[in-house]
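> no sequence on this one, just coordinates:
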DNA sequence: TGAGGTATTGACCGGCCGGCCAGTCAGTTA
DNA sequence: TAACTGACTGGCCGGCCGGTCAATACCTCA
């Protein structure tokens, strides 16, 4: 159903620094995403990754060093995938935008750990994630702008705000999932996405010139 | 500019249990919102509220008891204000919805501590906040449904999803503010709100029947 | 005025925290 | 084979954690 870095990786048979680093990163990603950095001890990470606490310090220097490495690791996958998606598409029209939103939504749906990781980084005020995906937003906004010039999107809105609009909707949907789950009459991921796309895409259509 | 419960409350001159409780709650609200529950010590709260750690235990029992009290306290203000707003309005049309969104946006804008508090609670998986505002969502969705029946909103979308849509946009805007701030070309709160409302309200207009 | 209750204090507890360090062990190079 | 590097271990450190408790200061009301 989704990537679960929290579960055990293959057991260590021989010395392999790279594999060990990866096992530690996976364990830390899972625990940090689940409970937040402040609430996870180095001992817990050591236990889950089947490695001594000292070894984590050996590889990552400190808890903060490990946290930085985890964020960088997780964000790299995210950014690569999103950038590839953005650069693959060639024309800027409603169908492209729809696909872009759906792809973004699916990525979050399939990577709940990443969503939670970023949520914690946001609350911490960590600037590194935002700085990195500024490039993605720039690319997305550029596409919207092209669509506006081509007349397929209304041009009385800031393209960056359009991107922010759908990013916020999708991100918060998954961040606050357990929260929404208690609301009467709320539906599935897909129903929500469908309804959102109806309103979003129609609202973005060019205004009639009457 | 906004309510700042983090700053010092009036100094204690005489014994007043109620005032002391309030001072502790304010200090805890500020610190929890800023750094998250796990990263705030009882000592830090004691220091900020100019009270001994033991006294906090006397009044709230435990750290978790204090956290619960803080959430309940903060949420009560939020829910009261939002419910009053929802019940005041009488008819369900586009103008009412616009006002509802603007009010919600302004409330978050003026209560950044509450926004962060809820964000931490969400990540913790705390169900209490979501359960409480389910009632607000129910009220809001009911208004949308009335508008659909009156023909002022498109009726091919789930009203709950409409509410979730704008709640997500507004909430995440403020939750990830420091994150967005690094994006090129992003504007002010008000510019974002304006652009969002254009797309949202036009997208929600009834479809032409051609 | 004095008795009772409670708000408030400061000393103290066991336990866990992140980090450090001396030392062991495996693989590589000469 | 001998010297060397770096992955890896276990034990220890000072310090902070949440929580407890007996003693005290103050208010209330009989």
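Arrived safely. Only a predicted model underlies this, so the values are computations on that prediction, with no experimental measurement involved.
> kindly report the residues of chain A close to DNA strand C.
Counting by CB under 7 Å from any atom of the strand, the positions of chain A adjacent to DNA strand C are A:14-15, A:40-44, A:53-54, A:57, A:62-64. For every residue, glycine as well, the C-beta is placed using N, CA and C.
> among the residues you listed, which one lies nearest to residue B:152?
Nearest to residue B:152 out of the residues of chain A next to DNA strand C is residue A:40 (CB to CB; 49.7 Å).
> for residue A:201, grab the count of nearby residues.
Counted with other CB atoms under 10 Å in any protein chain shown, residues neighbouring residue A:201 total 18.
> ok so, going back, from the residues of chain A next to DNA strand C, which ones fall inside helices?
Of these, the ones assigned to helices by DSSP state H are A:42-44, A:53-54, A:57, A:63-64.
> quick revisit: ok, and the most crowded of the residues of chain A next to DNA strand C?
Highest neighbour count within the residues of chain A next to DNA strand C: residue A:40, with 22 neighbours (other CB under 10 Å).
> what's the closest non-adjacent residue to that one?
Of all residues not flanking residue A:40 in the chain, residue A:31 sits nearest, at 4.5 Å (CB to CB, 6 or more residues apart in numbering or on different chains).
> check contacts around that neighbour.
By CB atoms under 8 Å, 6 or more residues apart in numbering or on different chains, residue A:31 lies in contact with A:6, A:40, A:44-45, A:48.
> could you do residue A:89 as well?
Per CB under 8 Å, 6+ apart, neighbours of residue A:89: A:96, A:99-100, A:143.
> ok, residue A:80 next?
The contact partners of residue A:80, by CB under 8 Å, 6+ apart, come to none.
> equivalent analysis for the one 3 residues further on, please.
Under the criterion of CB under 8 Å, 6+ apart, the contact list for residue A:83 reads A:135-136, A:139.
> hang on, the earlier thing: can you list the ones in helices among the residues of chain A next to DNA strand C in JSON lines and add pLDDT and distance to residue B:109?
Converted to JSON lines, these look like this (pLDDT from 0 to 100; distance: CB to CB, whole Å):
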{"residue": "A:42", "pLDDT": "97", "distance to residue B:109": "39"}
{"residue": "A:43", "pLDDT": "96", "distance to residue B:109": "41"}
{"residue": "A:44", "pLDDT": "97", "distance to residue B:109": "38"}
{"residue": "A:53", "pLDDT": "97", "distance to residue B:109": "44"}
{"residue": "A:54", "pLDDT": "96", "distance to residue B:109": "48"}
{"residue": "A:57", "pLDDT": "97", "distance to residue B:109": "43"}
{"residue": "A:63", "pLDDT": "97", "distance to residue B:109": "34"}
{"residue": "A:64", "pLDDT": "97", "distance to residue B:109": "32"}
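> can you add distance to residue A:203 and give the residues you listed back as CSV?
Formatted as CSV, those follow (distance: CB to CB, whole Å):
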residue, distance to residue A:203
A:42, 48
A:43, 51
A:44, 46
A:53, 53
A:54, 56
A:57, 52
A:63, 45
A:64, 43
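> which pLDDT value goes with the one residue in chain A that gets nearest to DNA strand C?
Distances between chain A and DNA strand C by CB to the nearest atom of the strand are smallest at residue A:41, namely 3.0 Å. pLDDT for residue A:41: 97.
> from chain B, how far off is it?
Going from residue A:41 to chain B by CB to the nearest CB, to the nearest Å gives 11 Å.
> before we move on, what about residue A:95?
17 Å.
> give the contact list for that residue.
Residue A:95 neighbours (CB under 8 Å, 6+ apart): none.
> what of residue A:184?
B:134, B:137-138, B:141, B:160.
> host element of residue A:76?
According to DSSP states H and E, residue A:76 maps onto helix A:63-88.
> can you list the buried residues in that helix?
Buried residues in helix A:63-88, counted by 16 or more other CB atoms under 10 Å in any protein chain shown: A:63, A:66-67, A:69-71, A:73-75, A:78, A:82, A:85-86.
> residues near the closest residue to residue A:163 other than its chain neighbours, how many?
Using CB to CB, 6+ apart and skipping residues adjacent in sequence, the residue nearest residue A:163 is residue A:140, 4.5 Å away. Other residues within reach of residue A:140, judged by other CB under 10 Å, total 23.
> what do you get for residue A:186?
18.
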